[in-house]
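Colleague: just the structure for this:
(one chain, ligands or ions: 2)
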Amino acid sequence: MNYKIVTLPGDGIGPEIMAQAVKVLDEVGNRFGHTFNYEEHLIGGAGIDELGSSLPQATIDACKTSDAVLLGAVGGPKWDTTSNGDRPEKGLLKIRETLGLFANFRPALLYKQLQHASPLKVEVIGDSLDILIVRELTSGIYFGRHERTICDNPKDTYAEDVEYYNVGEIERILRVGFDSAMKRNKKVVVVDKANVLATSKLWREVTQEVAKDYEEVDYSFMYVDNAAMQLVANPKQFDVIITSNMFGDILSDEASMLTGSIGMLASASLGEGTLGLYEPSHGSAPDIAGQNKANPIATILSVAMMLRYSLGLESEAQAIEKAVECVLDKGYRTGDIMSVGCKYIGTKEKGSYICEAIKLGN
Ligand code: NAI
Ligand code: MG
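Modeller: Ligands and ions are numbered 1, 2, ... in the order given. Modelled structure (predicted):
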């Protein structure tokens with residue numbers, strides 16, 4: 001089969017990790033007889049620099065007619081002052097919204113080979129962890145009104161960020177989360193702050209309604225502050241976590257560290273149809289950009305999610321996941337997951353080893 005994949009490398013380490021993702025996808029194409037046609041476009045700082053926009057129209061048009069979109073990362077101090085109010089991250093928020101990608105899947109998966117890279121004690125983390133965070137992506141406080149009001153007395157000057165959710169937005173993300181739970185261990189925790197926030201109270205009411213359609217799913221609620229604590233105290237209690245945009249952003253970074261490094265955490269953003277956007281959960285890591293140090297696994301595992309969710313290619317997705325395991329088994333590590341007795345390798349080498357494992361059918 002032929003597929004049209006839009007690649008958006010972005011800034012910082014984005015282009016380096018994207019190069020490895022494309023290399024791996026081509027290897028999958030070779031082994032399984034698919035052709036992936038790439039169309040590369042600008043987003044973020046790269047868009048601001050070349051076309052004066054963090055999300056050029058050509059990028060939107062290409063994404064809309066693609067089978068799937070692969071994104072590297074965007075952002076960096078370079079654009080703090082130079083972009084006339086535009087910011088690299090605005091391009092990212094806008095593409096998710098424009099494509100209607102309201103559901104963000106962030107699996108926090110611990111590979112047994114990285115048990116010692118986790119900051120948690122082995123007794124707590126064990127040799128496996130598999131949590132799926134389902135984060136609402138196109139509403140909530142990130143999309144509410146952001147405003148500053150300047151007052152005569154500078155001390156009275158204030159700013160507001162509005163958290164907004166309507167019933168339809170809450171219901172559709174809950175259904176996606178409960179559907180995922182049905183394919184896993186039928187266990188959901190909805191994370192909120194219902195002791196304070198009106199939006200969270202609405203989430204609880206809608207959850208109780210939606211749950212009636214999923215009688216087999218065991219669901220409960222947890223306040224976000226407790227969830228932050230429970231994730232480090234007893235992470236194994238979680239299977240699927242469903243939560244709002246901001247809480248999901250924060251908790252998924254926390255969960256990623258349990259697995260050793262944010263450089264391991266993939267993500268998928270999906271809407272009503274099959275078109276999805278796939279990207280690592282980390283940012284553009286300006287501190288290590290251009291040095292062949294970035295771990296490309298988060299992006300490569302995002303490619304596996306793309307094959308599974310947008311293209312329906314399950315065996316191909318599993319081939320990538322097995323190849324990643326194989327390379328970890330051999331002890332090849334980038335700096336972020338390095339431990340005693342392992343062999344240090346760079347970004348490109350890691351991509352190449354993963355390709356080799358795919359080719360050999362490991
Ligand atoms: P970051 O995720 O870029 O980096 C945090 C730390 O993790 C850094 O020490 C970095 O070196 C390390 N790191 C990240 N990815 C890595 C990888 N693949 N391999 C090895 N180490 C890795 O977050 P930070 O520093 O808060 O943000 C940097 C820029 O990225 C900011 O402009 C931020 O707004 C943007 N950002 C973009 C995101 C995206 O494109 N989806 C998400 C998060 C942040
Ligand atoms: Mg984040």
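Colleague: buried stuff in the longest helix belonging to the chain?
Modeller: Scanning the chain for the longest helix, with DSSP state H as the assignment, gives helix 14-32. Residues of helix 14-32 classed as buried by neighbour count (16 or more other Cβ atoms under 10 Å): 14-29, 31. (C-beta placed from N, C-alpha, C; glycine too.)
Colleague: same deal with stretch 285-302?
Modeller: Result for stretch 285-302 [16+ other Cβ under 10 Å]: buried residues 285-286, 288-289, 293-302.
Colleague: try stretch 323-340
Modeller: Quick answer for stretch 323-340 (16+ other Cβ under 10 Å): Ala323, Val324, Cys326, Val327, Leu328, Tyr332, Arg333, Thr334, Asp336, Ile337.
Colleague: tell me which element Val6 is part of?
Modeller: strand 2-10 (DSSP states H and E).
Colleague: which residues touch that strand?
Modeller: 15, 18-19, 21-22, 25, 34-46, 59, 62-63, 65-74, 88, 95, 284, 306, 311 (Cβ atoms under 8 Å, 6 or more residues apart in numbering).
Colleague: what about 6 Å?
Modeller: 15, 18, 35-41, 43-44, 62-63, 66-74 (Cβ atoms under 6 Å, 6 or more residues apart in numbering).
Colleague: and it with helix 14-32, angle?
Modeller: 160 degrees (axes from the mean of the first three to the mean of the last three Cα atoms, to 10 degrees).
Colleague: partners of strand 2-10 in the sheet?
Modeller: strand 35-40 (parallel), strand 68-73 (parallel) (DSSP bridges).
Colleague: mean neighbour count added to the ones you listed, as TSV?
Modeller: Formatted as TSV, these follow (neighbours: other Cβ atoms under 10 Å):
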stretch	mean neighbour count
strand 35-40	15
strand 68-73	27
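Colleague: okay, these in JSON lines with mean pLDDT and distance to Phe105 next?
Modeller: As requested, those are exported to JSON lines (pLDDT from 0 to 100; distance: least, Cβ to Cβ, whole Å):
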{"stretch": "strand 35-40", "mean pLDDT": "98", "distance to Phe105": "22"}
{"stretch": "strand 68-73", "mean pLDDT": "98", "distance to Phe105": "14"}
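Colleague: does Glu27 touch Cys355 like I think?
Modeller: Yes - with contact defined as Cβ atoms under 6 Å, Glu27 counts as touching Cys355 (4.2 Å).
Colleague: can I get stretch 37-55 as CSV, trimmed to CA atoms?
Modeller: The C-alpha trace of stretch 37-55 is given here as CSV (Å, rounded to 0.1, in the frame of the first residue of the first chain):
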residue,chain,number,x,y,z
ASN,A,37,5.5,9.1,0.6
TYR,A,38,6.7,11.9,2.7
GLU,A,39,5.8,15.6,2.4
GLU,A,40,7.9,17.7,4.8
HIS,A,41,6.4,21.0,6.1
LEU,A,42,7.2,23.8,8.5
ILE,A,43,5.8,24.3,11.9
GLY,A,44,6.9,26.2,15.1
GLY,A,45,10.1,28.2,15.0
ALA,A,46,11.1,26.9,11.6
GLY,A,47,7.8,28.3,10.2
ILE,A,48,8.4,31.6,12.0
ASP,A,49,11.9,31.9,10.6
GLU,A,50,11.1,31.0,7.0
LEU,A,51,7.5,32.1,6.5
GLY,A,52,6.7,34.4,9.4
SER,A,53,4.1,32.0,10.9
SER,A,54,4.3,29.2,13.4
LEU,A,55,1.6,27.3,11.4
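Colleague: from the buried residues of stretch 285-302, which are also near ligand 1?
Modeller: Ala285, Pro286, Ile288, Ala294, Asn295, Ala298 (Cβ under 6 Å from any ligand atom).
Colleague: now pLDDT and secondary structure too, for the residues you listed, in TSV please.
Modeller: Shown next, in TSV, are these (pLDDT from 0 to 100; DSSP: H, G, I helix; E, B strand; the rest coil):
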residue	pLDDT	secondary structure
Ala285	97	coil
Pro286	96	helix
Ile288	97	helix
Ala294	98	coil
Asn295	98	coil
Ala298	97	helix
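Colleague: which residues of the stretch 251-362 of the chain score low on pLDDT?
Modeller: 362 (pLDDT under 70).
Colleague: what does this protein put close to ligand 1?
Modeller: Checking the chain against ligand 1 by Cβ under 6 Å from any ligand atom, the hits are 73-76, 89, 92, 262-263, 279, 282-288, 294-295, 298, 336.
Colleague: give me the neighbour count for the residue lying closest to Met257 once chain neighbours are set aside.
Modeller: Using Cβ to Cβ, 6 or more residues apart in numbering and skipping residues adjacent in sequence, the residue nearest Met257 is Pro119, 6.2 Å away. Pro119 has 9 neighbouring residues, counting by other Cβ atoms under 10 Å.
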